[in-house]
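A.B. asks: Predicted model and sequence below, questions to follow.
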Amino acid sequence: MQTSREFSGLDRKERMRLESKGLPLRPPEERVQDFDDVVLPLDAERAMYEASRCLHCPDAAPCMKACPAHNDISLAMSLIERGEFLEAAKVYRLTSSMPEICGRVCPHEQLCQGGCVRGKKGDPVLTGMLEAFVADYQRATVGYKSEVPYPTGKKVAIVGAGPAGLACAEQLVQRGHWVTIFDAKPAPGGLLTYGIPNFKLPKDVVTAWWNDLQEAGVSFVGNTYIGRTKSINDLFHEGFEAVFVGVGAGVDAPMSVPGEDLPGVHKATEFLIRANVNPDLLPAHIHPLLPAEGIAHPELGHKLVVIGAGDTASDCLRTALRLGVAEVTCLYRRTEAEMPGGKKDRELARAEGATYQLLTQPVRFIPNQQGRLAEVECIRMEMGESDAKGRRRPVPVKGSNFIVQADSAVLALGYYPDPIIGATTPGLKTHKWGLIITDPETGATSRMGVFVGGDVVTGPDLVVTAMVAGRKAANTIDAYLY
């Protein structure tokens, strides 16, 4: 094994000559057969080699500026290069509540790796992979526990057990406050448990992270839909002195075309939940969607289309392939250049067998004689003038309608916030579609004692941005309690 000394004396020119060995992946033909992690575990030698490619740009390094958490990536790379993995993990945990998760699910090519200057002439340093590696190494070798001071006696309720709520809870419990998380789902995690597939984020990683919070004293109350089961006001009446709302934006956007309600047309959220979540953790009204062998899946059929091109669409494409669907196709109304999802996930989906049909807009879902989806009527699109944001508009090509055969369709068109919190909380100001108005630096809202962060403020965004919002709000809540 190469030692840290062989790396520590490298100058920038020598580092530039070190080529990346790439992300270690299981072969597509193997990984598509199950829902296990597609990334192979790193060993120490490979981690040290990859970190040694870092040029250690002057502060603040572009990778650090591109990271929403502003992790000190250059320092972490220096430590990893020398084999000081535990010290590197501590660097990440100074600014991130969940490095083992962000290191896996962030669109690194758009963030830290996208900012890496090495990307201008070759491959960037695989910073995300190394972040997850040192966090996993820490947990496997010495474990990780939040340091909990003497209890303050202050009680905080958190509504929503996703990235924003969990990060807020982690910060508050480290300040000695009593924290209870309420969520509509049976188990904590939010989209970490009920949205992101296991092949991208193994559930045991989420479970281990949640166990840390439990051991630190955080309580969880599931199957509790705040706004229906009880209100924000009820939480204050129960003795909570502050409330953080991090419920995300989990309402699937409708397509509003004929036939959208046909059997065989699925919303992305429920599709992913049914396919990727342990049956023991499913809400009572949802039954699992199990993998099948043979030419046609008994529920999904032989041909499935996914409409949309974000990260959720990629997750749905790859999930359908693992369920045994023979032909899986993405339908998208723009070109690949306009796709909002991460390039890495699209490349993985293609390698696993998914195909893409671009400049294609579905306009109608057509049933068979049994009333189930059989065809999707589409129209060709072409790219027109740019809109106010500089994004070119897709324009229908007159008379270009055509039919795509499909036994099932999944709508992955984006998400809206659930407006119920705003509607049932007097004094809480909202705006478009029910997003809650807040100070982005503090998480404070128009309602005294109520703080908010994550997608319910910004609309659909990243795990890391929600995590950062939860941490910021925790700082404000801690000051508010005194």
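C.D. replies: Looks like it arrived, so ask away. Numbers count the residues shown, from 1 in each chain.

A.B. asks: where along the stretch 51-200 of the chain do the strands fall?
C.D. replies: Using DSSP state E, counting those that start in this stretch, the strands of the stretch 51-200 of the chain run over residues 155-159, 178-182.

A.B. asks: For G217, grab the count of nearby residues.
C.D. replies: 15 (other C-beta atoms under 10 Å). The C-beta positions use only the backbone N, C-alpha and C, and glycine is treated the same way.

A.B. asks: Correct me if wrong: it contacts V173.
C.D. replies: Yes. With contact defined as C-beta atoms under 8 Å, G217 counts as touching V173 (5.7 Å).

A.B. asks: what touches both of the two?
C.D. replies: Contact criterion C-beta atoms under 8 Å, 6 or more residues apart in numbering; residues bridging G217 and V173 by contacting each: V148, V179.

A.B. asks: Deepest-packed of the strands of the stretch 51-200 of the chain, please.
C.D. replies: Ranked by mean neighbour count under mean count of other C-beta atoms under 10 Å, the strands of the stretch 51-200 of the chain are led by strand 155-159, which reaches a mean of 26.

A.B. asks: hey, C-alpha coordinates of that strand in PDB?
C.D. replies: Output of strand 155-159 as PDB, limited to C-alpha atoms (Å, rounded to 0.1, in the frame of the first residue of the first chain):
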ATOM      1  CA  LYS A 155     -38.500  21.800  24.400                       C
ATOM      2  CA  VAL A 156     -38.500  22.200  20.600                       C
ATOM      3  CA  ALA A 157     -40.900  20.500  18.200                       C
ATOM      4  CA  ILE A 158     -39.700  19.700  14.700                       C
ATOM      5  CA  VAL A 159     -42.300  19.100  12.000                       C
END
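
A.B. asks: low-confidence ranges in the stretch 51-200 of the chain?
C.D. replies: Applying pLDDT under 70 to the stretch 51-200 of the chain picks out no residues at all.

A.B. asks: Let me see the ranges of the helices in it.
C.D. replies: 62-66, 73-81, 85-95, 99-105, 112-115, 127-141, 163-173, 191-194 (DSSP state H, counting those that start in this stretch).

A.B. asks: Of these, give the one that comes closest to S400.
C.D. replies: helix 112-115 (35.7 Å; C-beta to C-beta).

A.B. asks: before we move on, the earlier item: can you list the strands of the stretch 51-200 of the chain in TSV and add distance to A309?
C.D. replies: Output for the strands of the stretch 51-200 of the chain, formatted as TSV (distance: least, C-beta to C-beta, whole Å):
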stretch	distance to A309
strand 155-159	31
strand 178-182	33
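
A.B. asks: Would you enumerate the residues in contact with R175?
C.D. replies: Listed by C-beta under 8 Å, 6+ apart, the contact set of R175 reads P149, T152, A474, D478.

A.B. asks: go on, Y416?
C.D. replies: By C-beta under 8 Å, 6+ apart, Y416 lies in contact with A249, V251, D252, A253, W433, G434.

A.B. asks: JSON lines for these, including pLDDT and secondary structure?
C.D. replies: Output for the contacts of Y416, formatted as JSON lines (pLDDT from 0 to 100; DSSP: H, G, I helix; E, B strand; the rest coil):
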{"residue": "A249", "pLDDT": "94", "secondary structure": "coil"}
{"residue": "V251", "pLDDT": "95", "secondary structure": "strand"}
{"residue": "D252", "pLDDT": "96", "secondary structure": "strand"}
{"residue": "A253", "pLDDT": "95", "secondary structure": "coil"}
{"residue": "W433", "pLDDT": "88", "secondary structure": "helix"}
{"residue": "G434", "pLDDT": "91", "secondary structure": "helix"}
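
A.B. asks: wait, is A409 part of a strand?
C.D. replies: Yes. Assessed by DSSP: H, G, I helix; E, B strand; the rest coil, A409 belongs to a strand.

A.B. asks: Any idea what it is bridged to?
C.D. replies: Counting by DSSP bridges, A409 forms beta bridges with V265, V305.

A.B. asks: Can you give me the distance of it to L323?
C.D. replies: To L323, A409 is 14 Å away according to C-beta to C-beta, to the nearest Å.

A.B. asks: okay, these two: which has more neighbours?
C.D. replies: Neighbours were counted for A409 and for L323 using other C-beta under 10 Å; A409 has more, 27 against 21.

A.B. asks: Indicate which one of the strands of the stretch 51-200 of the chain is closest to V142.
C.D. replies: strand 178-182 (24.9 Å).

A.B. asks: wait, what's in contact with the residue nearest to V395 when sequence neighbours are not counted?
C.D. replies: In this structure, V395 finds its nearest non-sequential neighbour in G384, 4.0 Å apart by C-beta to C-beta, 6 or more residues apart in numbering. Contacts for G384 (C-beta under 8 Å, 6+ apart) come out as R392, R393, P394, V395.

A.B. asks: wait, is G384 part of a helix?
C.D. replies: No. G384: not assigned to a helix; according to three-state DSSP it is strand.

A.B. asks: ok, now which ones touch V463?
C.D. replies: M98, I101, C102, V105, C106, P163, L191, L192.

A.B. asks: quick one: it from G246, how far?
C.D. replies: In terms of C-beta to C-beta, V463 sits 12 Å off from G246.

A.B. asks: Mutual contacts of these two, please.
C.D. replies: Common neighbours of V463 and G246 (C-beta under 8 Å, 6+ apart) are P163.

A.B. asks: quick revisit: which one of the helices of the stretch 51-200 of the chain has the most crowded surroundings?
C.D. replies: helix 163-173 (a mean of 29).

A.B. asks: mind listing what E441 touches?
C.D. replies: K472.

A.B. asks: pLDDT at it, what is it?
C.D. replies: Looking at E441, its pLDDT reads 94.

A.B. asks: Just say helix, strand or coil for it.
C.D. replies: Going by three-state DSSP: E441 is coil.

A.B. asks: Could I get the full set of strands for the stretch 351-482 of the chain?
C.D. replies: With DSSP E, counting those that start in this stretch as the criterion, the stretch 351-482 of the chain has strands spanning 355-357, 360-367, 373-386, 392-396, 402-405, 408-411, 415-416, 430-431, 435-436, 450-452.

A.B. asks: would you list those in CSV and tack on distance to V468?
C.D. replies: Listed next are the strands of the stretch 351-482 of the chain as CSV, based on distance: least, C-beta to C-beta, whole Å:
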stretch, distance to V468
strand 355-357, 32
strand 360-367, 35
strand 373-386, 31
strand 392-396, 31
strand 402-405, 40
strand 408-411, 29
strand 415-416, 19
strand 430-431, 21
strand 435-436, 17
strand 450-452, 14
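
A.B. asks: So for W209, which of these sits nearest?
C.D. replies: It's strand 450-452; of the strands of the stretch 351-482 of the chain, that one is closest to W209 (C-beta to C-beta) at 22.1 Å.
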